[in-house]
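*Asks:* Mind folding the following:
(one chain, ligands or ions: 1)
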Amino acid sequence: MRPLHPVEGNRLALSGLDVSHAGGRYLGWLHDPEVTRFLEARLVDYDLDRLSAYIRAENERSDAVLFGMFLRQSGQFVGTIKLSNIRTTHRSCNIALMIGDKALWGRGYGTEAIALASGYAFDALNLHKILAGCYANNLASAGAFLKAGYGVEGRLTDDRWDGHRFVDCILLGKLNPSETDLSVAPNSRKETE
Ligand SMILES: CC(C)(COP(=O)(O)OP(=O)(O)OC[C@H]1O[C@@H](n2cnc3c(N)ncnc32)[C@H](O)[C@@H]1OP(=O)(O)O)[C@@H](O)C(=O)NCCC(=O)NCCS
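*Replies:* Modelled structure (predicted):
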C-alpha cells in the first residue's frame, strides 16, 4: 500500500514512491555492489521496467509500505525504507532500508529513517512489533537499528550466503513503546491474561 501520509523528521522526509522514481539514481543504487552488498536486491538484475514493476507491485500490496527517503532541505531522493510482511492478526511487520547515496552513510540518516518508519508502523498502522534481520557483518545496519531503539532478539547461524561464505543473520526487534507497560511485572501480567 502507499503510505497514508508522509512522515517528517529533522533531516529526512519519508513519502510514497511511484514509477517516476525508478530511473536514474534508484536504478544506479541497485547496480552498485557496495550498496547492495547486504541486500537481496543484488540477486535481481533490475532494469527500468523491472524496477517500475516492483514499485507498482509494492504500492498495490496490502501487506507492505514502500517509502522513499528524501532530504527535507533539498528534496533529494536518497534511499528507500520498506515495511513488509505486515500481519494484522499479530500486528507485526518486517523492516529493511537502503541509503543509496553513499556520501550520506555514517551520518545518522539510517537511524533517523528507521525511527521515522517505526513511528509510522506503530502510530499509523497500529502495529505492536517490528523485526529486522541483518547480515552479522553489516555493522552499520546493526548499529543503526540499535541506535533507533531496537534490541537483539537472536542470531540465525549461517543463514545468508554472501557470495563467498555463509554468514549469520542478526534479528533485531522493537515493540510499540506505547504498549510496553514496564510497570506491570511479567508474572502478574500473565495471571490477568
Ligand atoms: C545500513 C545503513 C542503513 C546504515 O545507515 P547509516 O546512516 O550509514 O548509519 P548511521 O549513521 O545511522 O549509524 C548508526 C550507528 O551504526 C554504527 N555504524 C554506522 N556505520 C558503521 C560502520 N561503517 N561500521 C561500524 N559501525 C557503524 C555506529 O554505531 C553508528 O552510530 P554513531 O555514528 O553514533 O557511532 C546504510 O549504511 C545503508 O543503507 N547501507 C547499504 C544498504 C544496507 O546495508 N541496508 C541494510 C540492510 S538490513
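
*Asks:* which ones are touching the nearest residue to Phe145 once chain neighbours are set aside?
*Replies:* Once flanking residues are discounted, Phe145 sits nearest to Leu172: 4.3 Å by Cβ to Cβ, 6 or more residues apart in numbering. For glycine as for every other residue, the C-beta is placed from the backbone atoms N, C-alpha and C. For Leu172, the contact set (Cβ atoms under 8 Å, 6 or more residues apart in numbering) comprises Leu131, Ala132, Gly133, Cys134, Ala142, Phe145, Leu146, Tyr150, Gly151, Val152, Glu153.

*Asks:* if we look at the ligand, which of the residues you listed are close to it?
*Replies:* Here is what survives when the contacts of Leu172 are matched to the ligand using Cβ under 6 Å from any ligand atom: Cys134.

*Asks:* Does the residue nearest to Phe145 lie in a helix or a strand, and which?
*Replies:* Leu172 is part of strand 166-175 when elements are defined by DSSP states H and E.

*Asks:* how about low-confidence regions in this structure?
*Replies:* 181-193 (pLDDT under 70).

*Asks:* Repeat the analysis, applying 90 as the threshold.
*Replies:* The chain contains residues with pLDDT under 90 at 23-24, 162-163, 180-193.

*Asks:* Give me the contacts around the helix ranked longest in it.
*Replies:* When the chain is scanned for its longest helix (criterion: DSSP state H), the result is helix 109-123. Residues outside helix 109-123 that contact it (Cβ under 8 Å, 6+ apart): 3, 7-12, 14, 65, 67, 69, 78-79, 81, 83, 93, 95, 97, 99, 127, 130, 132, 140-141, 144-145, 147-150, 174, 176-178.

*Asks:* Now, of these, which are buried?
*Replies:* The neighbour-count test (16 or more other Cβ atoms under 10 Å) marks 3, 7, 12, 14, 65, 67, 69, 78-79, 81, 83, 93, 95, 97, 99, 127, 130, 132, 141, 144-145, 148, 150, 174, 176 as buried among the contacts of helix 109-123.

*Asks:* Show me the residues you listed that map onto strands.
*Replies:* 7, 12, 14, 65, 67, 69, 78-79, 81, 83, 93, 95, 97, 99, 130, 132, 174 (DSSP state E).

*Asks:* So which residues on the protein come close to the ligand?
*Replies:* Checking the chain against the ligand by Cβ under 6 Å from any ligand atom, the hits are 35, 38-39, 96-99, 105-111, 134, 138-141, 143-144, 147.

*Asks:* Recalculate using a threshold of 5 Å.
*Replies:* 38, 97-99, 105-106, 108-111, 134, 139-141, 143-144, 147 (Cβ under 5 Å from any ligand atom).

*Asks:* Pull the contacting residues for Leu104.
*Replies:* By Cβ under 8 Å, 6+ apart, the residues touching Leu104 are Val78, Gly79.
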